[in-house]
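Novice: fold the following.
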Amino acid sequence: MINLDWKPSKNLTMLADYYEFTMANGYIENGMEDQIAYFDMFFRSIPDNGGFAIMAGVEQLIEYLKNLRFDEEDIAYFESKKIFSQKFLDYLRNFEFQCDVWAIPEGTPIFPYEPIVIVRGPIVQAQLIETMVLLTINHQSLIATKANRIVRAADGRTVMEFGSRRAQGYEGAILGARAAYIGGCIGTANTIVDRDFDIPALGTMAHSWVQMFPSELEAFRAYARTYPDNCVLLVDTYDVLKEGLPNAIRVFDEEVVPRGYRPKGIRIDSGDLAYLSKECRRILDEAGYPDCQIIASSSLDEYVIRELLLQGAEIDSFGVGERLITAKSQPVFGGVYKLVAIEKDGQLVPKIKISENVGKITNPGFKQVYRFFDKGTNKAIADVITLHDEEIDESKPYEIFHPIYTWKRKTLDNFYVKKLLVKIFDKGKCIYESPNIHEIRNYCKEQLDLLWDEVKRFERPHRYIVDLSQDLWDIRDRLLKEHK
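Specialist: Prediction:
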């Protein structure tokens, strides 16, 4: 039976930075446990200097929040530290999640500085979940973004995720494969991901299979007899052009075709992939197998794949491992979680974090993100971060402006808008049903098609506009002046 709702193997409430608990204890000791606070998760830069990132990990965040609880062994741990009060221990013993949570749906293109998760609730709880909010969204958004870069570099050729053995831990392998599928990979080498997420498991043989037999030819024969309807042979164990490919063709002729099947492909895992693939394509075509695919693996990423295709490589499919599953070129997503408001006497009080580094100044208040689309092209043209209760009138022109260089302004008309943040928890109860993984993947592709190609360039992509509404900018400007 397929389990589409993969859950962590154990309660992860204690997976939090230690200071979350010291602060929680302090809040309780100061009578602040019921103080309502607002936190934003956002990120400041796009991995690999890309034009956009992809939101992922919301389903796992929901599962984590649904299962928040403290066991007696957790409480005993805090008691043993001798610094936590009895009131704090009693709070944990009677813990019940009460926060409201909003998130941008998985598969949505996201951009720096816009809130992608918002948490509102008692300060102890909203603070406590910081680590896991960041861990969950940062990891999968990073891998989904990297996978999509690789898929786009493949230019219509399929990409398979082959990175399980090089991932950072088993959950990195499992959830990384999930994120890679959202980003556009067609499947994974990771079997448990097929079982638990219904993401196709792919793979045929390793070099050890070939080495286990007296000869490469015998190894190919044995495999073809076992899997005549799905025969993909690894041809680079010894010599691709002198042994591997001739042996593969002979087995196709003698074992596969006589059984009424066509060979599915050959895989090359080493050597000059551009040269070897072109030679293999020529020889396969001459042998009567123009439909036999050529699959390439071996330390690939978007840059290597792009170079191979520029050199005319005859490759139909790519298996990408360590450089995808670890996002090797930039292995940190960099999302942060910042306090942006509190409630006092029934009124919302915006909060701001100021820094000499302008990029680290936060946007205060309780917010929403609107995406503007051109009615003529249906392409996304800008995002505007607004106050949560602001409504944008689509029937009137709307002026956007750069939040720092405010003289840079543009008036939009003939547009429609979409609110990006969706409420997923109401007073601690989940009110959102996650789409299945195939729906998320399809949604991601649809949303990426709404971006201009200039935003999707690998080198010096067009900067997608993310501005603040006038009302939000006014609050930010006032708080900056107050703290000057």
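Novice: which ones are touching the residue at minimal distance from the centre of the chain?
Specialist: In the chain, the centroid-proximal residue (CA atoms, centre = their mean) is residue 141; its distance is 2.5 Å. Residues in contact with residue 141, defined by CB atoms under 8 Å, 6 or more residues apart in numbering, are 43, 53, 54, 55, 56, 57, 110, 116, 179, 333, 335. Using the backbone N, CA and C atoms, a C-beta is placed for each residue, glycine as well.
Novice: now residue 36
Specialist: Contacts for residue 36 (CB under 8 Å, 6+ apart) come out as 120, 121, 122, 123, 342, 343.
Novice: nearest to residue 183 among those residues?
Specialist: Minimum distance to residue 183 across the contacts of residue 36 is 29.9 Å, recorded for residue 120 (CB to CB).
Novice: tell me which element the closest one falls in.
Specialist: strand 117-122 (DSSP states H and E).
Novice: could you pull out the buried residues of the following helix or strand past that strand?
Specialist: Heading C-terminal from strand 117-122, the first helix or strand you meet, by DSSP H and E, is helix 123-128. For helix 123-128, a neighbour-count test (16 or more other CB atoms under 10 Å) marks 123, 124, 125, 126, 127, 128 as buried.
Novice: which strand or helix spans residue 133?
Specialist: Residue 133 belongs to helix 130-153, assigned by DSSP H and E.
Novice: any idea of the mean pLDDT for that helix?
Specialist: Helix 130-153 carries an average pLDDT of 98.
Novice: what's the neighbour count on residue 439?
Specialist: Using other CB atoms under 10 Å, residue 439 is surrounded by 12 other residues.
Novice: just the contacts of residue 36 now: which is nearest residue 37?
Specialist: residue 123 (4.3 Å).
Novice: got phi/psi on residue 318?
Specialist: When read as degrees, to the nearest 10, the backbone of residue 318 gives phi -120, psi 140.
Novice: any weak-confidence spans in this structure?
Specialist: 1-10 (pLDDT under 70).
Novice: can you give me the domain assignment for it?
Specialist: Using automatic domain parsing, the domains assigned to the chain come out as 18-143+331-482, 204-314.
Novice: can you tell which of these is closest to residue 165?
Specialist: That would be domain 204-314 among the domains of the chain, by CB to CB, at 11.0 Å.
Novice: from start to finish, how long is the closest one in a straight line?
Specialist: 20 Å (CA to CA, to the nearest Å).
Novice: same check on stretch 162-172?
Specialist: 13 Å.
Novice: check which residues of it are buried.
Specialist: 162, 163, 164, 166, 167, 172.
Novice: now stretch 380-394
Specialist: Counting neighbours by 16+ other CB under 10 Å, stretch 380-394 gives 380, 381, 382, 383, 384, 385, 386, 387, 388, 392 as buried.
Novice: about what we covered before: identify the residues contacting the nearest residue to the residue nearest to the centre of the chain once chain neighbours are set aside.
Specialist: Counting by CB to CB, 6 or more residues apart in numbering, residue 141 lies nearest to residue 56, which is 4.9 Å off, once chain neighbours are set aside. Each residue near residue 56 by CB under 8 Å, 6+ apart is listed here: 106, 107, 137, 140, 141, 143, 144, 178, 179, 182, 183.
Novice: now render those as a markdown table, adding distance to residue 326.
Specialist: Below are the contacts of residue 56 laid out as a markdown table (distance: CB to CB, whole Å):
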| residue | distance to residue 326 |
| --- | --- |
| 106 | 21 |
| 107 | 22 |
| 137 | 18 |
| 140 | 13 |
| 141 | 15 |
| 143 | 9 |
| 144 | 14 |
| 178 | 15 |
| 179 | 12 |
| 182 | 17 |
| 183 | 14 |
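Novice: can you pick out the most distant pair from these?
Specialist: 137 and 183 (14.5 Å).
Novice: tell me what residue 370 is bridged to.
Specialist: Legend: beta-bridge partners of residue 370 under DSSP bridges are residue 384, residue 419.
Novice: tally of neighbours for it?
Specialist: Neighbours of residue 370 (other CB under 10 Å): 20.
Novice: quick check: it touching residue 416?
Specialist: No - look at residue 370 against residue 416 with CB atoms under 8 Å: they stay out of range, at 10.1 Å.
Novice: show me where the stretch 51-200 of the chain has its helices.
Specialist: Taking DSSP state H, counting those that start in this stretch as the criterion, the stretch 51-200 of the chain contains helices spanning 58-66, 72-80, 86-93, 123-128, 130-153, 170-182, 191-197.
Novice: now the fifth one: how far from the chain's centre is it?
Specialist: In this case it means helix 130-153. Distance of helix 130-153 from its chain centroid, counting by CA atoms, centre = their mean, to the nearest Å, is 3 Å.
Novice: that one to helix 170-182, inter-axis angle?
Specialist: 50 degrees (axes from the mean of the first three to the mean of the last three CA atoms, to 10 degrees).
Novice: could I get the CA-only coordinates of helix 130-153 as PDB?
Specialist: C-alpha atoms of helix 130-153 as PDB (Å, rounded to 0.1, in the frame of the first residue of the first chain):
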ATOM      1  CA  GLU A 130      11.800  28.200  14.300                       C
ATOM      2  CA  THR A 131      14.400  25.600  13.800                       C
ATOM      3  CA  MET A 132      12.200  23.100  12.200                       C
ATOM      4  CA  VAL A 133      10.400  25.600  10.000                       C
ATOM      5  CA  LEU A 134      13.800  26.700   8.600                       C
ATOM      6  CA  LEU A 135      15.200  23.200   8.400                       C
ATOM      7  CA  THR A 136      12.200  21.800   6.600                       C
ATOM      8  CA  ILE A 137      11.700  24.600   4.100                       C
ATOM      9  CA  ASN A 138      15.300  25.500   3.500                       C
ATOM     10  CA  HIS A 139      16.400  21.900   2.600                       C
ATOM     11  CA  GLN A 140      13.600  21.000   0.200                       C
ATOM     12  CA  SER A 141      13.400  24.400  -1.400                       C
ATOM     13  CA  LEU A 142      17.200  24.200  -2.000                       C
ATOM     14  CA  ILE A 143      17.000  20.800  -3.700                       C
ATOM     15  CA  ALA A 144      13.900  21.600  -5.700                       C
ATOM     16  CA  THR A 145      15.600  24.800  -7.000                       C
ATOM     17  CA  LYS A 146      18.800  22.900  -7.900                       C
ATOM     18  CA  ALA A 147      16.900  20.100  -9.600                       C
ATOM     19  CA  ASN A 148      14.900  22.500 -11.700                       C
ATOM     20  CA  ARG A 149      18.100  24.200 -12.900                       C
ATOM     21  CA  ILE A 150      19.400  20.800 -14.000                       C
ATOM     22  CA  VAL A 151      16.200  19.900 -15.700                       C
ATOM     23  CA  ARG A 152      16.100  23.200 -17.600                       C
ATOM     24  CA  ALA A 153      19.700  22.700 -18.700                       C
END
